[in-house]
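the sequence and its predicted three-dimensional model are supplied below.
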Amino acid sequence: MATIPILIGIFLLLMSLYLTLLLRPKPVKIPVKNRHVFITGGSSGIGLSLAHQAASEGARVTILARDPNKLEQARDSIHLSTGVNVNIAIADVRDFETLKAVMDEADPIDVLVCNQGVYIGGELEFQKMENVKMMVHVNLLGTLNLIKAALPRMKNNRKTRGPASIALMSSQAGQCGFYGYTTYSATKFGLRGLGEALQMELISDDIHVSLIFPPDTATPGLIEEKKRRPIVMRKIAACSSPMTADEVARKTLNGIKSGTFLVSCNFLGFLMCLGAADFAPQRSILTAFAEIFAAGFIRFYAVAFLWRFYEISSRCNTNSSHKRADGVTKNSSELM
Ligand SMILES: NC(=O)C1=CN([C@@H]2O[C@H](COP(=O)(O)OP(=O)(O)OC[C@H]3O[C@@H](n4cnc5c(N)ncnc54)[C@H](OP(=O)(O)O)[C@@H]3O)[C@@H](O)[C@H]2O)C=CC1
Ligand SMILES: CCCCCCCCCCCCCCCC(=O)[C@@H](N)CO
């Protein structure tokens with residue numbers, strides 16, 4: 001009878017050995033103190049909270065966005081609460097040449113956080129093509145622009161400067177495609193492919209990629225989004241409660257510092273990451289263990305969530321007059 005626990009013990013031991021030998025990349029610690037942390041979309045919401053936290057941990061911080069007034073307000077608020085002066089950079093991430101000029105002028109970057117992002121809600125059918133293109137351009141191409149502009153100087157003298165990080169701000173809508181998020185989800189799922197490939201390209205340069213998957217987060221961006229959110233998505237979003245920008249920024253900074261590839265922000269997000277590990281690089285034996293053993297159970301749980309999401313979608317949409325009567329639902333993007 002004692003043979004079963006012994007067999008289980010041997011199995012777990014072999015599994016640990018397998019993971020210890022094979023898991024890549026190796027664990028890493030990425031400090032932020034006295035290092036240059038460059039945050040796009042750093043004048044508002046999650047990016048602004050992150051800038052506050054990085055500055056208070058002794059990082060040299062630069063925030064980038066388009067609106068100079070918002071950037072200056074952000075700089076003043078960070079100075080007021082931390083006593084630290086952050087640098088500001090004015091650029092649109094869609095403009096590669098300006099980004100290149102900004103990156104060539106700034107101190108070489110140790111931690112690049114590609115956090116800028118836009119969401120214009122609504123069903124694809126009713127969305128203006130210019131808004132579809134704008135989301136792809138800012139969220140996905142903008143991130144590629146940033147990385148391409150920053151990389152040459154990030155790689156320089158890396159051996160003497162220690163490990164670096166590139167963090168990509170995805171979303172839980174980059175793990176599950178939600179109603180009203182066709183384009184946005186495409187851009188945020190796109191960041192996952194980008195991140196996996198980039199990590200493989202940059203591992204020998206000691207540059208480590210993190211992908212962050214926040215749920216709804218109380219920011220100026222979310223306030224705007226909620227004004228036009230399709231009713232189906234309002235009901236789906238009610239399945240999980242919003243986090244504060246400070247909480248998400250804390251998870252982001254911890255994820256960056258530990259070189260974690262898939263960074264979740266709340267418990268449901270943690271389950272989503274465990275269940276969708278696929279080919280994500282993994283450094284932690286414990287998490288790899290959990291991914292291997294939890295995947296099936298999480299799929300079981302996810303099926304129940306999907307059942308609920310599809311119930312909501314078909315109940316709200318079977319009566320098309322109801323849909324049309326709700327201006328927010330049907331004409332969401334036409335309002336833009
Ligand atoms: N809030 C939420 O519920 C969630 C947000 N996210 C993601 O987190 C990130 C931050 O979101 P949140 O804090 O809500 O954002 P906000 O809308 O509050 O702020 C967006 C920031 O991005 C900047 N920005 C927008 N467009 C550009 C551009 N073309 N070039 C440069 N900067 C730009 C804005 O400044 P300016 O307009 O001056 O350029 C601003 O600083 C986004 O990528 C978002 O998709 C993910 C999950 C949930
Ligand atoms: C086992 C798995 C369970 C999964 C359940 C998940 C329930 C999540 C509800 C909706 C979350 C919406 C996130 C989008 C946030 C976002 O990116 C926008 N706010 C952009 O501004």
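Arrived safely. Ligands and ions are numbered 1, 2, ... in the order given.

sketch out the low-pLDDT regions of the protein for me.
For the chain, the stretches flagged by pLDDT under 70 are 1, 319-336.

list, one by one, the residues from the stretch 51-200 of the chain near ligand 2.
Those residues of the stretch 51-200 of the chain that sit near ligand 2, judged by C-beta under 6 Å from any ligand atom, are 119, 171-173, 178. Just so you know, the C-beta spots here come from the backbone N, C-alpha and C atoms, and that holds for glycine as well.

show me which of these is closest to ligand 1.
residue 171 (3.5 Å; C-beta to the nearest ligand atom).

please name the nearest non-neighbouring residue to the residue in the stretch 101-250 of the chain that ligand 1 sits nearest to.
Of the residues in the stretch 101-250 of the chain, the one nearest ligand 1 is residue 117, at a distance of 2.0 Å by C-beta to the nearest ligand atom. Excluding the flanking residues, the one nearest residue 117 by C-beta to C-beta, 6 or more residues apart in numbering is residue 139, at 5.0 Å.

wasn't the residue of the stretch 101-250 of the chain closest to ligand 1 part of a strand?
No - assessed with DSSP: H, G, I helix; E, B strand; the rest coil, residue 117 is coil; it does not lie in a strand.

that one - how many residues pack around it?
If you count neighbours by other C-beta atoms under 10 Å, residue 117 ends up with 26.

repeat that for the one 4 residues further on.
With neighbours defined by other C-beta under 10 Å, the count for residue 121 comes to 24.

secondary structure class for it?
Applying three-state DSSP: residue 121 is coil.

residues contacting it?
Going by C-beta atoms under 8 Å, 6 or more residues apart in numbering, residue 121 touches 180-181, 184, 225, 228-230, 233, 332-333.

ranges for the helices of the stretch 51-200 of the chain?
In the stretch 51-200 of the chain, the segments counted as helices under DSSP state H, counting those that start in this stretch are 68-82, 96-105, 129-135, 142-155, 158-161, 182-202.

quick one: closest of those to residue 19.
Smallest distance to residue 19 across the helices of the stretch 51-200 of the chain (C-beta to C-beta): 18.3 Å, for helix 182-202.

flag every buried residue along the closest one.
Buried residues in helix 182-202, counted by 16 or more other C-beta atoms under 10 Å: 182-192, 194-196, 198-199, 202.

could you do stretch 300-309 as well?
Quick answer for stretch 300-309 (16+ other C-beta under 10 Å): 305, 309.

circling back to that earlier point, what subset of the residues of the stretch 51-200 of the chain next to ligand 2 is buried?
With neighbours counted using 16+ other C-beta under 10 Å, those contain these buried positions: 119, 171-173, 178.

done for today, thanks.
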